[in-house]
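K.L.:
got a predicted model here, sequence first, then my questions.
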There are 2 protein chains.
Amino acid sequence: MKVAVAKRMLCISSPAEMTQYVREQKKLGKTIGFIPTMGYLHEGHASLFAKAAESSDCVIASCFVNPTQFGERDDYVNYPKDQAHDIQLAEKSGIHALFLPSAETIYPNGEQITVKVNAKTNVLCGKSRPGHFDGVATVLTKLFTIIQPDHVYFGMKDAQQVAIVGSLITSFHFPIKLIACPIVREEDGLAKSSRNVRLSSQERAEAPELFKGLQSGLTKLKTGERDFAQVIETVETYYKTHLKLGIVDYVDVLNYPDLKRNAPVISGRVIIACAVRFDQARLIDNVTMDCEVSAK
Amino acid sequence: MKVAVAKRMLCISSPAEMTQYVREQKKLGKTIGFIPTMGYLHEGHASLFAKAAESSDCVIASCFVNPTQFGERDDYVNYPKDQAHDIQLAEKSGIHALFLPSAETIYPNGEQITVKVNAKTNVLCGKSRPGHFDGVATVLTKLFTIIQPDHVYFGMKDAQQVAIVGSLITSFHFPIKLIACPIVREEDGLAKSSRNVRLSSQERAEAPELFKGLQSGLTKLKTGERDFAQVIETVETYYKTHLKLGIVDYVDVLNYPDLKRNAPVISGRVIIACAVRFDQARLIDNVTMDCEVSAK
C-alpha cells in the first residue's frame, strides 16, 4: 500500500548541493523555474512564485541579501531580514526548493571576479546608484550558474533590472528564458511594494497619483504624440498639479528594453517611468507601450 | 546489415546549436571536456586534446580569436588564422566537435556586459597587459555557459591564465574541474610555442637557457632557500651570465595560484616565472614547486 507523503519544500544553503538537486530534477525531465529574491518575502514575491508554477515543473527561489549591490554598508546591514517568515511564505506558496546561501559561500574568494554592466545603467534609478547593477549582475551570474534554470521570473516593477537581466542572459548566452511579470497593483492602482508601509496615511492617499500620472502619458501616446519631451512634460505637469507631498525624482520616457532613445521621435516599445520621494519611502512605477510611428 | 560509419568531427558555429549538441551528449551520460583556443593550432594544442580524451567522453575545442583580450586593434586584426588547417588538425586529433563562432555571435550586444578580474592581474604578464584578463574571463564565461563542460584543459605555459581561470570557476560556481596540463618542451628544454619559429638561429640556440635559469631557481629552493629575493636573484644572475641576445622582461617568484607572496618567507606552492624578449618574439616560461618551510 502506498502512503501519500506530504511533500515538503527543501531548504538548501550549499551551492554544490543546489547544483546537485537541480541536476536530479533535470534528469527527471523537469524544467526549472527560478525566482531570485533578497528575502523578506511579500505578496509581490508570492505572485512571481505562482507565475513560475504555471510554466515550470520545479520552482526554486533564492533569498539572498547581496552585499555587492548596496551603495552603503549601513543600508546592507540594516536590510530587513526574517528568514523564518520567508521559509513559511515560500512553503505556503508551494515552491519546491528555497536557496538560502551565506555571503561567504556565494563570494568564496571575495570579489576577485565580478560582472560589469556597461550599458543601460546611466538612466532612471541607475543614475543615482553607481555600481548597483554590477552587483546585481554579479550575483545573478553566480545564481544562474548554480541553479541553471530554464526560466527566470522578474517583476516589471524594477523595469531597469529586467532590461539588464535581458542583456546579461544574451551576453553570457545563458540558455534561460526571461519572463517579465506584470506589476501587481492595489485596488487604487498603487504598485505593491514592501516600502508602501512606510507611507503616512496622507502620503498613502496621494501615492496612487504616481500611476495616474503615468497613465496621462500613455493617453498622450495613444492620441499620437511621438515627441519624447512632450510626453515627459505631460506626466511632469500632472505630478505638479496632483502631488502635494511627494517630490519627483525623475520622469523619463525611453525605448524599452534598450533604455535609450532609439530615434529622435518615439517608435517601438517605450517605457514611461518615474521615481517619487516621500518622507520615509522612495516609490518607483512604470508603464510600457508598443508605439507605431504616428502620422500626427 | 549495419555499416560502420566513420565518425566525423562536427564543426559548429552557432552557440545555440553547440548548447543543444552538449545537451544531447549529456543525455547519453557523457562527460564533456573542453579546450578553448584562439585557433592556429599546433602540437601544444594537440597535446591538450589528447589529455582531454583521457578523462572526458566527449571532447570539444573552440577556435575563437577573442577581440576583447587584445590591447591593440592591429594585434587582433593581424593575429594569424588558418581555419582549414585548424579543422584538419582538430579532426586528426580525434576530438568530437569544434566550435568556430564569429565575434558577432559571441558578442551579440557588443560589450554591454563584461567580466572584470580584480585580483592576480597586476603581476607577471598581466602587469603590461591592462584589461587582457578581463577579456579572457569575459569570453571564457560565455564559452563555459554555452558548452557547460565538466572538465576544462589549459596549458601551464600561461600559468597566470590558469590561476585566473581557477578564480573564475570558483567565483561564478561553474561546476567545472580545471585540469592544468604540464608545459610541453622541446628536447633541449625550450617550452613549445608558436612564437618559437620567429627566433633567429642564434636566438633559438640561446632560448633553452630560459628553462635552465628557472631550474637554477628550483635548485636553490631544493637546498632550502626560502627568501623570495634570493631565488629571484639566482635566476637573474643566471640570465645575466647566459643570455647574450634575450632581454629579461621579468623574473618573479610568487605563491601559486594566489600570485602573491602569502608570507614573508617562501612556503607552500610557488611559481618561478620569466619573460624574455628576443628580436621578434617574447618568450615566457615557468616552473612550480611545493615548498615546505625550510629549517635552513
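P.N.:
Ah, there it is.

K.L.:
list the contacts of A:Ser47.
P.N.:
Listed by CB atoms under 8 Å, 6 or more residues apart in numbering or on different chains, the contact set of A:Ser47 reads A:Gly155, A:Cys181, A:Val184. Using the backbone N, CA and C atoms, a C-beta is placed for each residue, glycine as well.

K.L.:
work out for me the element A:Met289 sits within.
P.N.:
A:Met289 is part of strand A:282-291, with elements assigned from DSSP states H and E.

K.L.:
for stretch A:99-114, buried residues please.
P.N.:
Neighbour counts using 16 or more other CB atoms under 10 Å in any protein chain shown place A:Phe99, A:Leu100, A:Pro101, A:Ile106, A:Tyr107, A:Gln112, A:Ile113, A:Thr114 of stretch A:99-114 among the buried residues.

K.L.:
pull the CA atoms of the strand holding A:Met289 into PDB?
P.N.:
Output of strand A:282-291 as PDB, limited to C-alpha atoms (Å, rounded to 0.1, in the frame of the first residue of the first chain):
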ATOM      1  CA  ARG A 282      11.100  56.400  -2.400                       C
ATOM      2  CA  LEU A 283       8.500  54.800  -4.800                       C
ATOM      3  CA  ILE A 284       9.000  53.800  -8.400                       C
ATOM      4  CA  ASP A 285       6.500  52.900 -11.000                       C
ATOM      5  CA  ASN A 286       6.300  52.500 -14.800                       C
ATOM      6  CA  VAL A 287       4.100  51.600 -17.800                       C
ATOM      7  CA  THR A 288       5.200  50.300 -21.200                       C
ATOM      8  CA  MET A 289       3.500  50.600 -24.600                       C
ATOM      9  CA  ASP A 290       4.200  49.500 -28.200                       C
ATOM     10  CA  CYS A 291       4.100  52.600 -30.300                       C
END
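
K.L.:
may I have the strands that pair with it, each with its orientation?
P.N.:
Strand partners for strand A:282-291, identified by DSSP bridges, are recorded as strand A:268-277 (antiparallel).

K.L.:
contact partners of the partner strand?
P.N.:
Under the contact criterion CB under 8 Å, 6+ apart, strand A:268-277 has outside partners A:124-125, A:159-160, A:210, A:213-214, A:217-218, A:221, A:231, A:235, A:239, A:243, A:246-257, A:259, A:262, A:282-291.

K.L.:
can we see that at 7 Å?
P.N.:
Counting contacts by CB atoms under 7 Å, 6 or more residues apart in numbering or on different chains, the residues outside strand A:268-277 that touch it are A:124-125, A:159, A:210, A:213-214, A:217-218, A:231, A:235, A:243, A:246-256, A:262, A:282-291.

K.L.:
quick one: average pLDDT of it?
P.N.:
The average pLDDT within strand A:268-277 is 97.

K.L.:
what comes up buried for that strand?
P.N.:
A:Val270, A:Ile271, A:Ile272, A:Ala273, A:Cys274, A:Ala275, A:Val276.

K.L.:
now that strand, how far from the centre of its chain.
P.N.:
For strand A:268-277, the distance between its averaged C-alpha position and the chain's averaged C-alpha position is 14 Å (CA atoms, centre = their mean, to the nearest Å).

K.L.:
what segments of the stretch 101-250 of chain A are strands?
P.N.:
Applying DSSP state E, counting those that start in this stretch to the stretch 101-250 of chain A gives strands spanning A:113-117, A:151-155, A:177-181, A:247-255.

K.L.:
what's the closest of those strands to B:Val22?
P.N.:
Closest to B:Val22 of these, according to CB to CB: strand A:177-181, at 18.1 Å.

K.L.:
quick one, helices of chain A?
P.N.:
Residue ranges of the helices in chain A, as given by DSSP state H, are A:15-27, A:43-55, A:73-77, A:83-92, A:103-106, A:132-147, A:159-172, A:201-206, A:209-222, A:228-242.

K.L.:
and those helices as JSON lines, adding mean pLDDT?
P.N.:
Putting the helices of chain A into JSON lines (pLDDT from 0 to 100) gives the following:
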{"stretch": "helix A:15-27", "mean pLDDT": "97"}
{"stretch": "helix A:43-55", "mean pLDDT": "94"}
{"stretch": "helix A:73-77", "mean pLDDT": "79"}
{"stretch": "helix A:83-92", "mean pLDDT": "96"}
{"stretch": "helix A:103-106", "mean pLDDT": "98"}
{"stretch": "helix A:132-147", "mean pLDDT": "98"}
{"stretch": "helix A:159-172", "mean pLDDT": "98"}
{"stretch": "helix A:201-206", "mean pLDDT": "98"}
{"stretch": "helix A:209-222", "mean pLDDT": "98"}
{"stretch": "helix A:228-242", "mean pLDDT": "98"}
